[in-house]
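# sequence and predicted structure are below.
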Amino acid sequence: MVAALVATLMGVPLREAPLLDHAALLGDTPDKAWYEANIPFVDVPDAAIRDTYYYRWRTFKEALKYTGPTDGWIVSEFLGPVGYSAPFGGIDAAAGHHIYEGRWLRDQRYLDDYLDYWLTGSGSGAKPATEDLNKNTTDWAHQYSFWAVDAAVARASVSGDWKFLTDRLPALRKQYEGWKATNFDSAKGLYWQTPVWDAMEFTASSYQGSDPYHGGDGYRPTINAYQYGDAKALAAVARKAGLTSVAAQYDAEAARLRSATEKALWNGDFYKHVMLDGRVIADREEIGFVPWYFHMPPAADAVAWAQLTDPQGFAATFGPTTTERRSPWFMHDALTGCCRWDGPSWPFATSQTLTALANQLLDYPAQSYVSVNDYIKILHGYALTQRKNGRPYVAEAHHPDEDRWIYDGAGHSEDYNHSTFTDLVLSGLLGIRPQAGDSIRIAPLVPADWSRFAVENLAYHGHDLTILWDRDGSAYGKGSGFQVLIDGVVKLRRATLGDVTVPVSLVDRASQPELVDDAANVTETGYPLATASYTWHGDTPANAIDGQDFHLDVPSTRWTSYGSPNRSDWLAVDFGAATVVSDVKIDFYDDGGGVRVPDSYALQYQDASGAWLEVTGQTRDPVTPVARALNRIRISPPLTTDRLRVVMSRADGGAVGITALQSWRQPDPRVTAGFTTPSLAVDAGKTVAVQARITGPVTRTSLQVPRGWTARQLGASTWQVSVPAGADPTAGLPIRLLAWSAGGVTSALLPTRYQFDPANYPTVTWDDDFSADRLASYRIDHPAAEPSPRLAVADGLLTASADARAFAVLAAPAAGEAVIVEPARFSGASPEDSLFLGFSAGDRDNALAWYNNHFGSSGVDVQAGGVSQPSSTGGCCAAFRWSPDDRFAVLSQWGKLMTWAEHDGKWALIHTAPVSPQGSPAFGLRLDGGTIALDRVTLRSR
């Protein structure tokens, strides 16, 4: 009855009492209620496959990341963002795998959001066209090869929600056409790709190009198959939308691409990489199986599958291998460092190969090269690969012949979400083949000696399906044979297994409401801001509100008070501006050792006086705190507050922790709320007008501002906001609009920013236009042990010239918060062709922003007592390229040193350092030869 109760609470169809022991199958998996509400439960006789199935659902849940109200949920790949990822850590390389895997979840909101992220959200946004981010493409959704439309259609075939896709047909077409614009050779009718942007650096084919890392550009089975699959998928969506001519267009494009691929890439027994110059790579690579993933090859090409089980081909105990063994490039340098796809067993490719193999076995005519037993053997081996120290584990790549992961970075690769497994069990092993129409095909690929298997709680077209095989009726108590049940009603019963199609009508279930977590801050910058009474040095409070909820013993996943001297500890969230708090969820971290679930906790808010008070009207579920599961607190009536905290204690005084602290709010979909500007420029002691846009059945509105600020309503959607004189306008505090209605509370956030304007510093304390020689007025400092350049004033310019490295800082004989410098020209020297400006108290104490014209970059150097202070520099470096007539300014205010640049009359912030410099306003010139010239130096003050 637990599953039925959870289903009722989650707003999903009521289910029959479970066939399977869900708690036993989940084992020690945290937050079991989520799995009850979302996943199909599977039982198979193969323990390795069964246990890996549940482990991989856990890794998928860990990868779900809530990014905020704009993009909602995404599916991540690594534990945390990497430097080459899209906003919030999205990477499109394995996004097709994510969608195939996640299509079996009951809650549709995860993939709804994720698809929109790539199609129209932040994942579709502009990216730099650079060598390390793919110089050939300009948006994140085309950074790596990506079978986006095919995956979206595979998902719709499970959910039955084709309207989601027909509504997004223009965006789906744009995604497909994007590859045509950048990577299509119209003369050959083929797509080309750089191997690294196929997510495959250091391959057998790339080693034979001029750049082993990126690889030799070529016509590859991958991207051509992906585009074939996407063209067929677009045709399917167009037909659902009633656009027959559009469907015919994409069917025709798919047919032409199929013919061109067969002609150019099929080498008689395998699909191979072909260099742009026409050279066909002799080596077989595992990518040659990818066309079957999309049903692209003709039946006659089945001979390629002989290589999968060939000991000199791709066969391996922990395989398949990514390059055939007979290749001279097999495992070339593979053990010298990550990431070489020239032989290691790679879950990404194994997933594609097994999906392709299932398609060959189920959707093509019978052949003699591979069998059901081969599928089982490889799937079983793939399951065994996903182990470490005897427990389920997946990382980046595995040795093909030894039981060890070879690419597995600590705090980085654990539970690596770059492949599929649950989909291989459901759509391959159990043969659950979703259909575009009102039916489902079930054609299990199970061994003849299996006497049982079952899957239940499978969400399909709005129904709840159970599929079971019980040869003698002893396993599940539902009688013998093969059965299919829909919403608990037997729709098919037969004595033997077989390939069957069962009618399943589409039922429109009420969609689950949108929910917004106001506490989430996935970037861990700005607001909401998490703080704590004590934090173990390896953790951060921000980890508890990073939009993810998982329990790995990795510091980046939690906050703990380990080592705290306190009898109790707290974790607090400052929303920046008040929001409505009504549904709080806390996942307490418990490692079974030094950090345990608290014996008790208090949920508090801070009132206007600064006092912390207990939140009233709490209903807790469960009543007492539990570990590794969501503790839910409903608050009635809802509380409007800007600060919330959880105070935890244990009787033994031991440490506590939180892996997720969430504050969920339900907006009304009928109401829209927003502002007329994307951000608001504010300054200390100033007032500014705020204009909102509100539509829908709103009963009341409120503008919430940061503490100490005031808002006076001038009209229905207009306010005057006053910032106190002592405020820090650079803090990025938000302003929040709240709109109440019968359907919920809708909100909009307006970020604030500080905009530098010299007019706001009206007192000019020093102005040197170099019309006269005033060099004697400056103190010359030398922050580095380098000689001064030759300094001269003439013709309205200050020039610094040198024949070799020279550096001098000129400290002005006046005070001021703002230093403004107008360069006339730079020397063109390398590597030093730099302007410095900031504050200097001598040779050994200074904080100087710099602009290096050679590199086009900017940063800050700070030293105290002659010792460099890297923690005070604000990091390095900001990209900027000076143009004639541009000006630079440094502003020392609010405990920060800010560097600004003016271009075409507009000032833009280019760098911030967390330092309050001492000394005189100063500017410096450093060069390796030639001449740097300045037009003017001005100091300004409030």
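Yep, that arrived.
# can you point out the buried residues in stretch 122-140?
For stretch 122-140, a neighbour-count test (16 or more other Cβ atoms under 10 Å) marks Ser122, Gly123, Ser124, Lys127, Leu133, Asn134, Thr137, Thr138, Asp139, Trp140 as buried. For glycine as for every other residue, the C-beta is placed from the backbone atoms N, C-alpha and C.
# distance between it and the chain's centre?
15 Å (Cα atoms, centre = their mean, to the nearest Å).
# okay, how far is it across it, tip to tip?
This stretch, stretch 122-140, spans 8 Å end to end (Cα to Cα, to the nearest Å).
# show the average pLDDT along that stretch.
For stretch 122-140, the mean per-residue pLDDT is 96.
# contacts for that stretch, please.
With contact meaning Cβ atoms under 8 Å, 6 or more residues apart in numbering, stretch 122-140 is reached by 67, 70-71, 74, 84, 86-88, 90, 92, 117-118, 141-144, 171, 175, 178, 182-183, 194, 197, 214.
# reformat the buried residues of stretch 122-140 as CSV; add secondary structure and distance to Gly27.
Rendered in CSV, the data for the buried residues of stretch 122-140 read as follows (DSSP: H, G, I helix; E, B strand; the rest coil; distance: Cβ to Cβ, whole Å):
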residue, secondary structure, distance to Gly27
Ser122, helix, 36
Gly123, helix, 34
Ser124, helix, 39
Lys127, coil, 41
Leu133, coil, 40
Asn134, coil, 41
Thr137, coil, 43
Thr138, coil, 46
Asp139, strand, 41
Trp140, helix, 37
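# sorry, back to before: let's see which of the contacts of stretch 122-140 end up in helices.
Residues of the contacts of stretch 122-140 located in helices (DSSP state H): Tyr117, Trp118, Ala171, Gln175, Gly178, Thr182, Asn183.
# possible to save the residues you listed as JSON lines with distance to Gly409?
Listed next are the ones in helices among the contacts of stretch 122-140 as JSON lines, based on distance: Cβ to Cβ, whole Å:
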{"residue": "Tyr117", "distance to Gly409": "25"}
{"residue": "Trp118", "distance to Gly409": "26"}
{"residue": "Ala171", "distance to Gly409": "35"}
{"residue": "Gln175", "distance to Gly409": "31"}
{"residue": "Gly178", "distance to Gly409": "31"}
{"residue": "Thr182", "distance to Gly409": "31"}
{"residue": "Asn183", "distance to Gly409": "30"}
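# now the residues you listed as TSV including neighbour count, distance to Asp363 and pLDDT?
Listed next are the ones in helices among the contacts of stretch 122-140 as TSV, based on neighbours: other Cβ atoms under 10 Å; distance: Cβ to Cβ, whole Å; pLDDT from 0 to 100:
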residue	neighbour count	distance to Asp363	pLDDT
Tyr117	29	31	98
Trp118	28	27	98
Ala171	21	29	98
Gln175	24	25	98
Gly178	18	29	98
Thr182	16	31	97
Asn183	23	28	98
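# Trp664: which of those residues is nearest?
Tyr117 (19.7 Å; Cβ to Cβ).
# who are the contact partners of the closest one?
Contact analysis of Tyr117 by Cβ under 8 Å, 6+ apart lists Thr67, Asp71, Gly72, Ile74, Gly90, Gly123, Ser124.
# for those residues, which entry has the maximal number of neighbours?
With neighbours defined as other Cβ atoms under 10 Å, the most crowded of the contacts of Tyr117 is Ile74; it has 30 neighbours.
# that residue contacts Asp113, doesn't it?
Yes. Assessed by Cβ atoms under 8 Å, Ile74 is found in contact with Asp113 at 6.9 Å.
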